[in-house]
Each structure stands twice: as structure tokens, then as C-alpha cells.
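Visitor: Pasting the sequence and the predicted model now:
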Amino acid sequence: MVNLGLLITHKHRLLSVAALLDVFESVNGFYERANEPTFFNINLLSPEMQPGQFYGSYPMQSIHSAEQQDLILIPAFGAGDLKISIAKNQMLIPWLWDQYKKGAELASFCTGAFLLAAAGLLNGKEATTHIDSAQALASNFPEIIMKSDAVVTEDKGIYTSGGATSSFHLMLYLIQRHCGKEQTLRTAKMFAIDMDREQQTYFGTFMPSQNHGDGLVNMAQQKIEKEYQEGSTIEMLIQDIPASRRNVVRRFKQAIGVTPIEYLQRTRIEAAKKLLAQTDQSVLEVMLNSGYNDLKSFRQLFKKSTGVTPKEYRYKFNIAKLDSRVS
């Protein structure tokens, strides 16, 4: 039997905890129906010295009195400032290190990776998280080998997953590792999980910070966002900014985490994604209205950014197609 500890972290996402419980309970159910011992001994663990007796209908244990775990699951954090979420869970860091050194595997789901990163457990290791939080994870914890487009990573007994439904792919990965392929397939079928997802890039949305406090960078951002369709080079777009190009690039990178050129490209690609999803414009029209003038180059840049071609992206996310599917 595998001792599986599910951390009930402060500020956790309820849906993440519910999904983890549902999947691993279901696997136990497969064994019970075959008159076999349950595979996972599921323990709900709290960082509090004296937690409440129950979490829903589940008994709670304190990490301070719980036995050694074999596999520890860290759910996603809820919406809000991740720095606050990490600060609320600082007391877990020494315990996670102790468990890991004694042989426990650690698995974080979505933004739960930020707790492992804050503990230093991801230093020098490959990791992923929700695609929209990947830049923040990489910039705040530069010693991580960031795999932003990855759905699941594994490195020296530590696992991470991408956002939302990518969590199910990590659960399947862990089930296959511990229980084998047969139970993995049964779980995938039960929860209707497509097992062929190889990357999460196309789920991302470019949402750059506007509240970094650097007025010059805000000026450059507004210029790019207003004139990206005109096909201008970044030099043309920032030529009226009252600072040298070198200074603008340095401050831009420091405030946003990307260079002005990358910002322009991502702004254009985001515009193209919106047009593909919300209009019936041809790919050529989308290209022109996004600030590009070379179709081959546009297709290459779009696929590099999203992991799929413009046509494939439209098939996945076009609103008119979605309406027809649910009508």
C-alpha cells in the first residue's frame, strides 16, 4: 500500500483538491471491486498543529504527527497573489524537505509548483505550471529548468503539471507509475481524459503586467499595444520614448520579463488568436490585421508561440464552431 499524503495547504483551490480525491479514490475503488486491498492509503494532511477533525467527510492529520509518506500531492493555489499563498505555507517547507530526503515523491499540480520552488526543491530540475503563470515562476525562481509548454515533468522524484485539466495527466502518470497501464486506462476512460496531450502552449493568454511602477515602460507598452497592427519594427515603435533604446530594453525586461521585441510579437500573436477564435476572417486577413505581412513567417511564428498552426487553433477555439457543437 502506498501512503499518499494530500496537503490541504492554506489558500488551496477547492476544485484541485476535489479532483485529486476523486481520481485516487476511484483507483482504490477498482481494487475493492476486484476484492483486492486498496492501493492508496489516502491521508489528508494539514500544516496546523491541531487541525479541525474533518475536511468535509475526511479525517484530518497534522503533518507534525503524520507518518512518513510515499507520495505527497500539492494542490493548486486559488486565485490571488501567489506570494501571499507561499508565505501562508512557509511552515510546510522544512517538512517537505524532510519527507523528500527520506524517500517521498512530491507532486505539485498547476500553481502548487510555486511552493516547491519557494522551498528550493525545484532548483536545477525541470518543472512546469499553468501556462499563464510560467513566466512568473521562471523569473522569480531562475534556477528552475522551466518547461513552460510541458503538460507533465518528472525530475529526481519530483513531478509538476500544467494548469487545470493538465493535472489529470499528472495523476494518470502517477497511477501508471505505481499501478500499471491497465488501471491507468481504466481511470482515463472513467474521467474521459484524452491521453495524447503533449503540450499546453495553446491554452496560454498573454497578460503582461501594467502595475510594475515604471512609467517609461508603461509608455512603451501603450505604444506597442496601440500600433502593433501597422507592421512597424520595434525601433519605429519606441523611437519617441524619451530614453535610449538600450535603456528601454533593460527596463522593459526588468519590469515585464520579456524584451520589447518579444512583447510586440506576443501582442500580435495574441491579436491573431483572438481573430481566429472570434471571427471568420481568412488566415491571410488575420495575418494582415495582426501586423504581419508574410504568410509563411506568420505561420511559423504562430506555431512556435502556440504549438499549433493558425488553422488548428481555429478548429480548437473558434466560437462559432463551439456554438454549433453545443446547439
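Guide: Received the coordinates, thanks.

Visitor: Only C-alpha atoms from now on, for both contacts and neighbour counts.
Guide: Fine.

Visitor: From F109, how far out is the closest residue to F77 other than its chain neighbours?
Guide: What sits nearest to F77 in space, not counting adjacent residues and going by C-alpha to C-alpha, 6 or more residues apart in numbering, is H12, at 4.2 Å. According to C-alpha to C-alpha, to the nearest Å, H12 stands 11 Å off from F109.

Visitor: With N211 instead?
Guide: 27 Å.

Visitor: cool, L6 as well?
Guide: L6 is 11 Å from F109, by C-alpha to C-alpha.

Visitor: Can you pull the residues that touch both of these two?
Guide: 73-75 (C-alpha atoms under 8 Å, 6 or more residues apart in numbering).

Visitor: Out of those residues, who's the most crowded?
Guide: Neighbour counts for the shared contacts of L6 and F109, by other C-alpha atoms under 10 Å, peak at P75, which reaches 29 neighbours.

Visitor: Can you verify my assumption that that one contacts S16?
Guide: Yes: with contacts counted by C-alpha atoms under 8 Å, P75 reaches S16, the gap being 5.6 Å.

Visitor: shared neighbours, those two?
Guide: Counting by C-alpha under 8 Å, 6+ apart, the common neighbours of P75 and S16 are F109.

Visitor: Look at the residue located most distally from the centre of the chain and tell me its secondary structure.
Guide: Distance from the C-alpha centroid of the chain, by C-alpha atoms, centre = their mean, peaks at N35 (37.7 Å). Of the three states, N35 takes coil according to DSSP: H, G, I helix; E, B strand; the rest coil.

Visitor: Just the pLDDT for it.
Guide: Here the pLDDT value assigned to N35 is 95.

Visitor: ok, it to N28 distance?
Guide: 11 Å.

Visitor: Report whether the expected contact of the residue nearest to F77 with G80 is present.
Guide: No: the pair H12 / G80 is not scored as a contact, 10.5 Å apart, by C-alpha under 8 Å.

Visitor: Pick out whichever of these two has more residues nearby.
Guide: Between H12 and G80, H12 has the larger neighbour count (other C-alpha under 10 Å), namely 19 against 9.

Visitor: coming back round to it: list residues touching both of H12 and F109?
Guide: By C-alpha under 8 Å, 6+ apart, the residues touching both H12 and F109 are 75-76.

Visitor: Please, where are all the strands along the stretch 1-150 of the chain?
Guide: 2-7, 40-46, 54-55, 58-62, 71-74, 105-108, 126-127, 145-146 (DSSP state E, counting those that start in this stretch).

Visitor: C-terminal to the last one, what's the next element?
Guide: Taking DSSP states H and E as the definition, the helix or strand that follows strand 145-146 towards the C-terminus is strand 152-155.

Visitor: buried ones in that following strand?
Guide: 152-154 (16 or more other C-alpha atoms under 10 Å).

Visitor: Take those residues and lay them out in JSON lines including pLDDT and distance to H130.
Guide: As requested, those are exported to JSON lines (pLDDT from 0 to 100; distance: C-alpha to C-alpha, whole Å):
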{"residue": "V152", "pLDDT": "91", "distance to H130": "11"}
{"residue": "T153", "pLDDT": "95", "distance to H130": "12"}
{"residue": "E154", "pLDDT": "95", "distance to H130": "16"}
